[in-house]
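**Q** I need the structure of the sequence given here:
(chains A and B)
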2 protein chains.
Amino acid sequence: MTSFTQSEIQSWERFYRGHFINSLSGYKSGSLIATASPEGHTNVAIFSNLVHIGADPALIGFVNRPRAAAPHTLTHIEATGVYTINHIREEMIAQAHQSSAKYPELVSEFEAVGLTALWRDGFRAPYVAESAVQYGMTLVEIIPIRHNGTFLVIGAVQDVWLAEGCVQADGFIDLEKAGSIATLGIDGYYRAQRIQRFGYAKPDQPPQPIY
Amino acid sequence: MTSFTQSEIQSWERFYRGHFINSLSGYKSGSLIATASPEGHTNVAIFSNLVHIGADPALIGFVNRPRAAAPHTLTHIEATGVYTINHIREEMIAQAHQSSAKYPELVSEFEAVGLTALWRDGFRAPYVAESAVQYGMTLVEIIPIRHNGTFLVIGAVQDVWLAEGCVQADGFIDLEKAGSIATLGIDGYYRAQRIQRFGYAKPDQPPQPIY
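**A** Numbers count the residues shown, from 1 in each chain, chains lettered A, B, ... in the order given. Modelled structure (predicted):
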């Protein structure tokens, strides 16, 4: 194996280190978070650092970069209390990646990159129409991470919209069928193929493949 | 599309809702976190909720379930201040999944599931020898999430150990080559296949595929 020490990593050029450390934590979700200002200006941006916080109540978190680097999503969420999360499909990866460009505040990334804002039921954030997995969120808490100015944004799951036929008999969502992609690092997009699911693990029995 | 409301989701049977909500946030990392007690009792457990917090300094976070549900990893990290994160390869998914069983505190999951603890350089947590991506971490902060008793554990990257030939010219780590898997939901294991990487996005140019 090859080893790299902390001081060696710290000495690297910024972009090289960025690619390395962003890849090191492994595959991630590939999602578009969409918001609107109180005046109705829309914003959509790519996020990969999502975490499951809990299922009861249903809470999902994401990491937002420091405010100076990525202000619009956070400002809109603080103002309206809502946002939507929308999975990226393989056909959308170029548009999704382009949403990471630093557009001026009043430019909607929906128009700039070629995605469609879908408004539903008076919810104050748009969904991304091209996505096959869309869910509305209400803000629960924004936790500042003081070491580097990032934030953990925690929200509660509201309405969920899925392409037909993606939910299996036990509630598992088949994201291969939905066409959702995985991401790696800052700029890598991957398709995923199921190897195996296993039943609930117990100390006194071997792993149970379920299908 | 099919829609599900918050109250409908809330009304579901616990395991069905667990599968659904855990899948909803998308693909995740598949990692084994290994620790030791001050007395040297080892522990290894599967974690999928990892987030990149920052590259300078290099910080990675993970979500730990409530203390009553998953006490050992957290207790060891609090006591020693260190842990290792090790990617799961396709050949290891059954052992990795089995590490989620609730073994008694003094049973080492390494022995119980058939993985090898690898000690290096006096670091007070073992690595998982079977993994092709291994990195040591020192604890930076444990942030309690008060809404459901979970924790965001943030650590600083120390030494990194990678199988030969996995780092590309720009620092990106080729996890297909390393054989790391992605996870979905509570119990789904996936292989990932690269579709595309893109260059740094700028407002005034179209997305630039790099390879």
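**Q** so where's chain A shaky on pLDDT?
**A** Chain A contains residues with pLDDT under 70 at A:211.
**Q** now the helices for it?
**A** Ranges of helices in chain A, per DSSP state H, are A:6-11, A:14-24, A:72-80, A:93-98, A:109-113, A:175-178.
**Q** Who are the packing partners of the first one?
**A** Read it as helix A:6-11. helix A:14-24, strand B:58-64, strand B:150-162 (3 or more C-beta pairs under 8 Å, 6 or more residues apart in numbering or on different chains; DSSP states H and E). Backbone N, C-alpha and C define where each C-beta goes, glycine included.
**Q** Of these, which stretch is the most buried?
**A** strand B:58-64 (a mean of 24; mean count of other C-beta atoms under 10 Å in any protein chain shown).
**Q** circling back to that earlier point, wait, which of the helices of chain A is closest to B:Pro207?
**A** helix A:93-98 (4.3 Å; C-beta to C-beta).
**Q** In PDB, list the C-alpha atoms belonging to the closest one.
**A** These are the backbone C-alpha positions of helix A:93-98, laid out as PDB (Å, rounded to 0.1, in the frame of the first residue of the first chain):
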ATOM      1  CA  ILE A  93     -25.400  15.200 -14.700                       C
ATOM      2  CA  ALA A  94     -24.000  18.000 -17.000                       C
ATOM      3  CA  GLN A  95     -26.800  20.400 -15.900                       C
ATOM      4  CA  ALA A  96     -26.400  19.300 -12.300                       C
ATOM      5  CA  HIS A  97     -22.600  19.900 -12.300                       C
ATOM      6  CA  GLN A  98     -23.100  23.300 -14.000                       C
END
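**Q** Is it positioned near chain B?
**A** Yes - using C-beta under 8 Å from any C-beta of the partner chain, helix A:93-98 reaches chain B at A:93-95, A:97-98.
**Q** most neighbours, which of the residues you listed?
**A** A:His97 (26 neighbours; other C-beta atoms under 10 Å in any protein chain shown).
**Q** In contact with A:Thr42, which residues?
**A** Taking C-beta atoms under 8 Å, 6 or more residues apart in numbering or on different chains, we find A:Thr42 in contact with A:34-36, A:108-110, A:117, A:126.
**Q** Turn the helices of chain A into CSV, including distance to B:Asp159.
**A** Converted to CSV, those look like this (distance: least, C-beta to C-beta, whole Å):
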stretch, distance to B:Asp159
helix A:6-11, 7
helix A:14-24, 12
helix A:72-80, 34
helix A:93-98, 32
helix A:109-113, 39
helix A:175-178, 34
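**Q** quick one: which of those is nearest B:Pro144?
**A** helix A:72-80 (21.9 Å).
**Q** Next, the angle from the closest one to strand A:150-162.
**A** Angle of helix A:72-80 versus strand A:150-162, following axes from the mean of the first three to the mean of the last three C-alpha atoms, to 10 degrees, is 80 degrees.
**Q** In this structure A:Ile181 contacts A:Ile93, no?
**A** Yes - look at A:Ile181 against A:Ile93 with C-beta atoms under 8 Å: they come within range, at 6.4 Å.
**Q** list residues touching both of these two?
**A** Residues touching both A:Ile181 and A:Ile93 by C-beta under 8 Å, 6+ apart: A:30, A:189, B:195.
**Q** Would you mind listing which of the residues you listed are buried?
**A** A:30, A:189 (16 or more other C-beta atoms under 10 Å in any protein chain shown).
**Q** Which one of the shared contacts of A:Ile181 and A:Ile93 is nearest to B:Tyr103?
**A** When these are compared against B:Tyr103 (criterion: C-beta to C-beta), the nearest one is A:Gly30, at 34.2 Å.
**Q** got a list of what that closest one touches?
**A** A:Gly30 touches A:46, A:48, A:87-88, A:93, A:96, A:180-183, A:189, B:26-27, counting by C-beta under 8 Å, 6+ apart.
**Q** Dump these into a markdown table; add distance to B:Pro104 as well.
**A** A markdown table is the format used below for the contacts of A:Gly30 (distance: C-beta to C-beta, whole Å):
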| residue | distance to B:Pro104 |
| --- | --- |
| A:Ile46 | 43 |
| A:Ser48 | 37 |
| A:His87 | 39 |
| A:Ile88 | 42 |
| A:Ile93 | 46 |
| A:Ala96 | 46 |
| A:Ser180 | 38 |
| A:Ile181 | 40 |
| A:Ala182 | 35 |
| A:Thr183 | 38 |
| A:Tyr189 | 42 |
| B:Gly26 | 34 |
| B:Tyr27 | 32 |
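**Q** Buried subset of those as a ChimeraX selection?
**A** Applying 16+ other C-beta under 10 Å to those, the buried members can be selected in ChimeraX as follows:
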select /A:46,48,87,88,93,96,180,181,182,183,189 /B:26,27
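**Q** quick revisit: of the residues of helix A:93-98 next to chain B, closest to B:Leu59?
**A** For the residues of helix A:93-98 next to chain B, the nearest to B:Leu59 is A:His97 (23.9 Å; C-beta to C-beta).
**Q** Thought B:Phe198 was touching the closest one, still the case?
**A** Yes - in this structure A:His97 lies within contact range of B:Phe198 using C-beta under 8 Å: 4.4 Å.
**Q** Need the residues touching each of the two.
**A** With C-beta under 8 Å, 6+ apart as the test, A:His97 and B:Phe198 both reach A:187, A:189, B:207.
**Q** Go through these and say which is closest to A:Ala156.
**A** A:Tyr189 (28.5 Å).
**Q** Specify the beta-bridge partners of that closest one.
**A** A:Thr183, B:Gln196 (DSSP bridges).
**Q** so which of the helices of chain A gets nearest B:Tyr135?
**A** B:Tyr135 lies closest to helix A:14-24 among the helices of chain A, at 6.2 Å (C-beta to C-beta).
**Q** hmm, back to that, want to throw the helices and strands packed on helix A:6-11 into JSON lines with distance to A:Ile142?
**A** Shown next, in JSON lines, are those (distance: least, C-beta to C-beta, whole Å):
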{"stretch": "helix A:14-24", "distance to A:Ile142": "22"}
{"stretch": "strand B:58-64", "distance to A:Ile142": "15"}
{"stretch": "strand B:150-162", "distance to A:Ile142": "13"}
